[in-house]
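Novice: I'll drop the sequence and a predicted model, then ask my questions.
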Amino acid sequence: MRTFAALIVAILLGAVEARAQTPDIQNPVWLERPNGEDFRQNYPSQAVEQSVEGRATLECLVRLDTTVDCSVIAESPASWGFGDAALAIARSFRVAPARVDGQPVEGGRIRNTIRFVLPPIEDSYEGLSPEQRAIEEAFADLDLPNWEEAPTTSSVLVATPHAAREANVQGRGILSCRVNRERRLRCRPFREMPADSGFGVAAMRLAPQFLVAQSSQQFADAHRTEPFLLPIVFGGAPEVTPVSRHHTGLEPLDIPLMRAPQDAIPPEALAARINGTASVLCNIGAGLALTCSVEAESPAGWGFGAVVLGVASSLPAPPASLGFIPGDQIRFRAEFVPE
């Protein structure tokens, strides 16, 4: 998952205006600018989940106490919260006021464009056990870029088929897309779930709203001719994020094979030193609750499946931000090796 310890930010300083009409006014001098922690705390949360980058332009009046009073004059993309985030960050601005004939005066104005740029994905697995790392890697991001423009949750709700919206049916439209030279998408329907639900057509309506970010130019170049899958999730719940970045739903999400601890091995198998494996398949239902059953165990009759089933059945529902919908599946596998 993304971390923001090394958040890349850029603040472009524009021209300074002052209300006094005298050539003796000097440009305000920056005393304190925001740091990476300011951006980490204020980066819009849904933009982080959807890997959307943005910018906001502020016009600020400089006070005598070096604080600033700012307003948003432009933000892109709209409706993602970058303007409000920039205003929050501006509270950390400290600027020396303009001077007239050597004396500080209130009223100097500065204009700043604040860019919100996501850092490269970092390896955040340090310190994890092999088993923990395997689970984290199972939920690794799909091959998707950062976006300069993307549909918001509200625009996805508008595009949701009327019948599905009335019945509160969640679904997914999967597009096969390429990137043109303007960084826009050329897509075709690939799959929809559930079938004949209209989610594929709805996803196609949203495709023109995507623009690959300049920071993902390498992705754009790689997918001029080679298509990539873009899963768009539709659902009535506001916490459902538009683009699933972790799971397409085409196959069960396979959690890598784990080794069961010694105290989890059935006593009879442990005493007889019987090695075994078991696989449990969990179906995601309403409310993303898991319903699990033993898919396979070898050798049969030693209780290996029951152990994995007990663990899987006790797990909480997966977070909606991972892009799951009812009907998706998760597979858990374990091996049992008495020592």
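Specialist: Sure, I can see it. Residues are numbered from 1 along each chain as shown.
Novice: buried ones in stretch 156-170?
Specialist: The neighbour-count check on stretch 156-170 (16 or more other CB atoms under 10 Å) flags 156, 157, 159, 160, 161, 164, 169, 170 as buried. For every residue, glycine as well, the C-beta is placed using N, CA and C.
Novice: filter those residues down to the ones in helices?
Specialist: Counted as lying in helices by DSSP state H, out of the buried residues of stretch 156-170, are 156, 157, 159, 164.
Novice: farthest pair in the residues you listed?
Specialist: Farthest-apart pair in those is 156 and 164; separation 11.7 Å (CB to CB).
Novice: shared neighbours of the two, anything?
Specialist: residue 234 (CB atoms under 8 Å, 6 or more residues apart in numbering).
Novice: now the ones in helices among the buried residues of stretch 156-170 as JSON lines including pLDDT and distance to residue 307?
Specialist: Listed next are these as JSON lines, based on pLDDT from 0 to 100; distance: CB to CB, whole Å:
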{"residue": "156", "pLDDT": "90", "distance to residue 307": "40"}
{"residue": "157", "pLDDT": "88", "distance to residue 307": "42"}
{"residue": "159", "pLDDT": "92", "distance to residue 307": "44"}
{"residue": "164", "pLDDT": "88", "distance to residue 307": "39"}
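Novice: for the protein, what spans make up the helices?
Specialist: All helices of the chain, identified by DSSP H, fall at 36-42, 45-49, 82-90, 130-138, 153-159, 162-166, 199-206, 217-222, 267-271, 304-313.
Novice: between the ones you listed, which gets the lowest average pLDDT?
Specialist: Mean pLDDT values for those show the minimum at helix 130-138, a mean of 68.
Novice: low-confidence stretches in the protein?
Specialist: Applying pLDDT under 70 to the chain flags the ranges 1-28, 120-133, 135, 236-240.
Novice: can you pull the contacts of the most centrally placed residue in it?
Specialist: Among the residues of the chain, residue 49 comes closest to the average C-alpha position under CA atoms, centre = their mean, at 2.0 Å. Counting by CB under 8 Å, 6+ apart, residue 49 touches 241, 245, 321.
Novice: any idea how far residue 249 is from the last one?
Specialist: Going from residue 321 to residue 249 by CB to CB, to the nearest Å gives 15 Å.
Novice: and what of the first one?
Specialist: Separation of residue 241 from residue 249 (CB to CB): 14 Å.
Novice: ok, for residue 144, nearest residue in space, not its chain neighbours?
Specialist: Using CB to CB, 6 or more residues apart in numbering and skipping the chain neighbours, the partner closest in space to residue 144 is residue 245 (5.8 Å).
Novice: show me what contacts the one you found?
Specialist: 49, 50, 51, 141, 142, 144, 323.
Novice: list only buried entries from those residues.
Specialist: Neighbour counting by 16+ other CB under 10 Å classes 49, 50, 51, 144, 323 among the contacts of residue 245 as buried.
Novice: which one of residue 321 and residue 249 is surrounded by more residues?
Specialist: residue 249 (21 against 18; other CB atoms under 10 Å).
Novice: any idea how far the nearest residue to the more buried one once chain neighbours are set aside is from residue 201?
Specialist: Using CB to CB, 6+ apart and skipping the chain neighbours, the partner closest in space to residue 249 is residue 328 (5.0 Å). Noted for residue 328: a distance of 21 Å to residue 201, by CB to CB.
Novice: next: residue 171.
Specialist: Residue 171 is 11 Å from residue 201, by CB to CB.
Novice: give the burial count for residue 118, as a bare number.
Specialist: 20.
Novice: isn't it right up against residue 54?
Specialist: No - applying CB atoms under 8 Å, one finds residue 118 not in contact with residue 54, separated by 10.1 Å.
Novice: on that earlier part again, quick one, what contacts the residue nearest to residue 249?
Specialist: Residue 328 neighbours (CB under 8 Å, 6+ apart): 247, 249, 252, 253, 283, 284.
Novice: the fourth one: neighbouring residues, count only.
Specialist: Applying the criterion other CB under 10 Å, we find 20 residues in the vicinity of residue 253.
Novice: may I have the beta-bridge partners of it?
Specialist: Here residue 253 sits in beta bridges with residue 330, going by DSSP bridges.
Novice: residue contacts, it?
Specialist: Residue 253 sits in contact with 138, 139, 247, 328, 329, 330, 331, where contact means CB under 8 Å, 6+ apart.
Novice: now do the contacts for the first one.
Specialist: So the one you mean is residue 138. 253, 254, 255, 256.
Novice: quick check: phi and psi on the third one?
Specialist: Listed backbone geometry of residue 255 is phi -80, psi 130, with angles given as degrees, to the nearest 10.
Novice: and it, how far from residue 333?
Specialist: Applying CB to CB to residue 255 and residue 333 gives a distance of 7 Å.
Novice: so which of these two has more stuff around it?
Specialist: Comparing residue 255 with residue 333 by other CB under 10 Å, the one with more neighbours is residue 255, at 20 against 17.
Novice: can you verify my assumption that that one contacts residue 136?
Specialist: No - look at residue 255 against residue 136 with CB under 8 Å: they stay out of range, at 10.5 Å.
Novice: run a quick neighbour tally on residue 189.
Specialist: 15.
Novice: next one: the closest residue to it other than its chain neighbours from residue 284, what distance?
Specialist: Residue nearest to residue 189 in three dimensions, not counting chain neighbours: residue 200, with 4.0 Å by CB to CB, 6+ apart. Counting by CB to CB, the separation of residue 200 from residue 284 is 20 Å.
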